[in-house]
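Asker: coords please:
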Amino acid sequence: MTDHSSAPRSSHRFLAGLVSAALLAPVVSIPFLQSSVSRAQETPESRPTAEETDPDYAVPDGTPEEIMEFVEGLRTRKPKFGNQREALDHAVRTQRSFISAGDKILKQEIDPKTAAKAAQLKLGALTLLASNGIGDTATEAMVAVNQLKTDERPEVVKVANQFWTPIRINHLGALSDADRKRFAEEILKSVVDSKFARETIGMATQLGTKLASKGHAEEAGVLYDQLAKLASEAEDPKVQEAAKRFAGQGRRVRLPGQFMAIEGKQLNGEALDWSAYRGKVVLVDFWATWCGPCIAELPNVKANYEKFHDKGFEVVGISLDRSREPLDKFIENEEIPWSQLYDEEVQKDKGWNHPMAEYFGINAIPAAILVDKKGNVVSLNARGPELTKQLEKLLGE
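Answerer: Below is the predicted model of the structure:
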């Protein structure tokens, strides 16, 4: 998935992101396809296990320098994978090795700087795995960060504090209603105190995403509403502009079970008649020709369109391309039969500015929203097997 935050940037939120993180460096969070997460949870490598015995992943005993040399070698390896499962297993096992390496270094008599690096290595890997729902690493990360927060070395405590908020976000399911509310207030305060620093905004949006995924859509909506209000009152014009996107995110997380209306100009210049789609099951697909995960998902959408179109399945694409030319060429080459919304006047050089993307707070693509025959949203993540599952449920196998 390609991500677009309040400041212009892109990152891939799918399996390749996790694999890249395993090869390059532990990071805070790189979510990827939920279907891959589910498969990972079924594999032995994805769960906390005994010491790794495979020599490719087993962390050797030795000095901190020798252990870090092994870590660097594992990080820079570029193995070839036969399939997605192999790539995922490698990514998970690599992060597990980083955790083990951090533990082995922390148990030794070492200087504070080395200890801080070891803590960073361990907590970074745990947070990455927990962010992607691998096993019970959310609890494991919570235990680890609490231990390191009491370390006698200030440098280690500083690292633990840096991971404290993202780890608590991943452990959200253990919080009571009151604790979740206090947590949200704490994060919003940090956003204001930091004058809307990218890091704190990222934490706030991560919390919103996690709340929605845990079934607390209204709490997530309230969080985004408050974030939008704070942003609108900021002195920085760029932050004020971001308020619209935050408000849209609040609107989007509340969509399940609610009516969704879209409008806009089609490629032929005509306005979309959304009422004509009533009685149909419709996939509203936010995408772009430059988005790798979007292109990877296209065969799945096409296959489902071919299978279910005669039963009442339609697709409306909303392109976030920066210019019209590559979009026209791609649609022609791929013979895409469904309607596309694109507003050249608004989107030229600023693809994310499509009115519908702003209205629904789209900050990552592909964003696949499925609505039923009444126009009510049934899924905010209708991709891969989930799309087929929902269509079989709504239209029959």
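Asker: so what does the helix ranked longest in the chain touch, helix or strand wise?
Answerer: When the chain is parsed with DSSP state H, its longest helix is helix 84-106. The contact analysis (3 or more CB pairs under 8 Å, 6 or more residues apart in numbering; DSSP states H and E) places helix 84-106 against helix 15-24, helix 34-41, helix 64-76, helix 112-131. (Each C-beta comes from the backbone N, C-alpha and C, glycine too.)
Asker: Specify the angle between that helix and helix 64-76 in degrees.
Answerer: Between helix 84-106 and helix 64-76, the angle comes out at 170 degrees (axes from the mean of the first three to the mean of the last three CA atoms, to 10 degrees).
Asker: buried stuff in helix 84-106?
Answerer: Within helix 84-106, the residues that count as buried by 16 or more other CB atoms under 10 Å are 87-102, 104-106.
Asker: got it, and stretch 131-144?
Answerer: Buried-residue list, stretch 131-144, by 16+ other CB under 10 Å: 131, 132, 133, 134, 135, 137, 138, 140, 141, 142, 144.
Asker: tell me how far the ends of that stretch are from each other?
Answerer: Counting by CA to CA, to the nearest Å, you get 15 Å between the two ends of stretch 131-144.
Asker: check contacts around residue 181.
Answerer: residue 219 (CB atoms under 8 Å, 6 or more residues apart in numbering).
Asker: that's a helix at it, yeah?
Answerer: Yes - the assignment for residue 181 by DSSP: H, G, I helix; E, B strand; the rest coil puts it in a helix.
Asker: From residue 215, how far out is it?
Answerer: 15 Å (CB to CB, to the nearest Å).
Asker: cool, residue 387 as well?
Answerer: On the measure of CB to CB, residue 387 and residue 215 end up 21 Å apart.
Asker: Between those two, tell me which one has more neighbours.
Answerer: Between residue 387 and residue 215, counted using other CB atoms under 10 Å, the more crowded position is residue 387 (24 against 11).
Asker: Check the spacing between that one and residue 340 real quick.
Answerer: Taking CB to CB, one finds residue 387 at 18 Å from residue 340.
Asker: Tell me the buried residues in stretch 327-340?
Answerer: Buried, per 16+ other CB under 10 Å, within stretch 327-340: 327, 330, 331, 336, 338, 339, 340.
Asker: Among those residues, name the ones in strands.
Answerer: Among the buried residues of stretch 327-340, DSSP state E puts 339, 340 in strands.
Asker: so what pLDDT did the closest residue to residue 331 other than its chain neighbours get?
Answerer: Excluding the flanking residues, the one nearest residue 331 by CB to CB, 6 or more residues apart in numbering is residue 340, at 6.6 Å. Reading off the confidence values, residue 340 has pLDDT 96.
Asker: Tell me the spacing between residue 340 and residue 289.
Answerer: 11 Å.
Asker: what's the answer for residue 330, then?
Answerer: According to CB to CB, residue 330 stands 4 Å off from residue 289.
Asker: before we move on, what about residue 364?
Answerer: Relative to residue 289, residue 364 is positioned 16 Å away (CB to CB).
Asker: just residue 306 next, same as before
Answerer: Counting by CB to CB - residue 306 and residue 289 are separated by 21 Å.
Asker: go on, residue 85?
Answerer: 29 Å.
Asker: what's the answer for residue 317, then?
Answerer: In this view, residue 317 and residue 289 are 11 Å apart by CB to CB.
Asker: Which of those two has more residues huddled nearby?
Answerer: Neighbour totals were compared for residue 317 and residue 289, and residue 317 leads with 25 against 20 (other CB under 10 Å).
Asker: Excluding sequence neighbours, find me the nearest residue to that one.
Answerer: residue 340 (4.4 Å).
Asker: what kind of secondary structure is the spatially most distant residue from the centre of the chain in?
Answerer: Most distant from the centre of the chain: residue 109, at 38.2 Å, with distances by CA atoms, centre = their mean. With three-state DSSP as the basis, residue 109 sits in coil.
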